[in-house]
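[1] A structural model of the following input is requested.
(chains A and B)
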Protein chains: 2
Amino acid sequence: MEAFGKKLKAVREEKKLSQERLSLLCNVSQSHIARTELGQVNTSISHVATYARVLGVTPAQLFDF
Amino acid sequence: MEAFGKKLKAVREEKKLSQERLSLLCNVSQSHIARTELGQVNTSISHVATYARVLGVTPAQLFDF
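    Residues are numbered from 1 along each chain as shown, chains lettered A, B, ... in the order given. Okay, here's the model as predicted:
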């Protein structure tokens, strides 16, 4: 979960999106995103698909670590 | 979720593992695996990591569809 969180944060920052912006675009609470990036949330594959779609990457790229 | 389910099934069959065998190796119920393969379960990234580890692929490969 930690590795996924770090990758999500890295891709989000690469795309110059704030947690708040990603939260709005994904319709997911900012706290959920923050805790996911910290490796504190065992997020679901549907959330992975939403993050990937909004960030313009494939779900596989979010697991490329 | 459906695409992930189909990929999980394809990789499992490629590795010549039955759902029952994968269930035992992953310590996940067979019904959970069956429903995940049918796209009926919004599985978690920790389950993805477990399936990948047991199947000898990377988590990213389970999202390669």
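[2] ok, now which ones touch the residue most central in space within chain A?
    In chain A, the centroid-proximal residue (C-alpha atoms, centre = their mean) is residue A:8; its distance is 4.0 Å. For residue A:8, the contact set (C-beta atoms under 8 Å, 6 or more residues apart in numbering or on different chains) comprises A:33, A:36, A:37, A:51, A:62. C-beta: built from backbone N, CA, C; applies to glycine.
[3] Pull the most distant pair out of the residues you listed.
    Pairwise distances across the contacts of residue A:8 (C-beta to C-beta) peak at 12.9 Å, for the pair A:33 and A:62.
[4] what's the distance between residue A:57 and residue A:29?
    Going from residue A:57 to residue A:29 by C-beta to C-beta, to the nearest Å gives 21 Å.
[5] Looking at these two, which has the bigger crowd around it?
    Legend: neighbour count by other C-beta atoms under 10 Å in any protein chain shown for residue A:57 and residue A:29, higher for residue A:57 (16 against 11).
[6] residue contacts, the residue nearest to the more buried one when sequence neighbours are not counted?
    In space, and not counting its chain neighbours, residue A:57 is closest to residue A:11: 6.0 Å by C-beta to C-beta, 6 or more residues apart in numbering or on different chains. Listed by C-beta under 8 Å, 6+ apart, the contact set of residue A:11 reads A:55, A:57, A:61, A:62.
[7] distance of residue A:11 from residue A:58?
    Distance, residue A:11 to residue A:58, by C-beta to C-beta: 11 Å.
[8] same question, residue A:17
    In terms of C-beta to C-beta, residue A:17 sits 17 Å off from residue A:58.
[9] What of residue A:24?
    22 Å.
[10] The two: who's more crowded?
    Neighbours per residue, other C-beta under 10 Å: of residue A:24 and residue A:58, the larger number sits with residue A:58, 16 against 13.
[11] thought the more buried one was touching residue A:52?
    Yes. If you go by C-beta atoms under 8 Å, residue A:58 and residue A:52 touch, sitting 5.9 Å apart.
[12] what's residue A:50 in contact with, if anything?
    By C-beta under 8 Å, 6+ apart, residue A:50 lies in contact with A:26, A:27, A:28.
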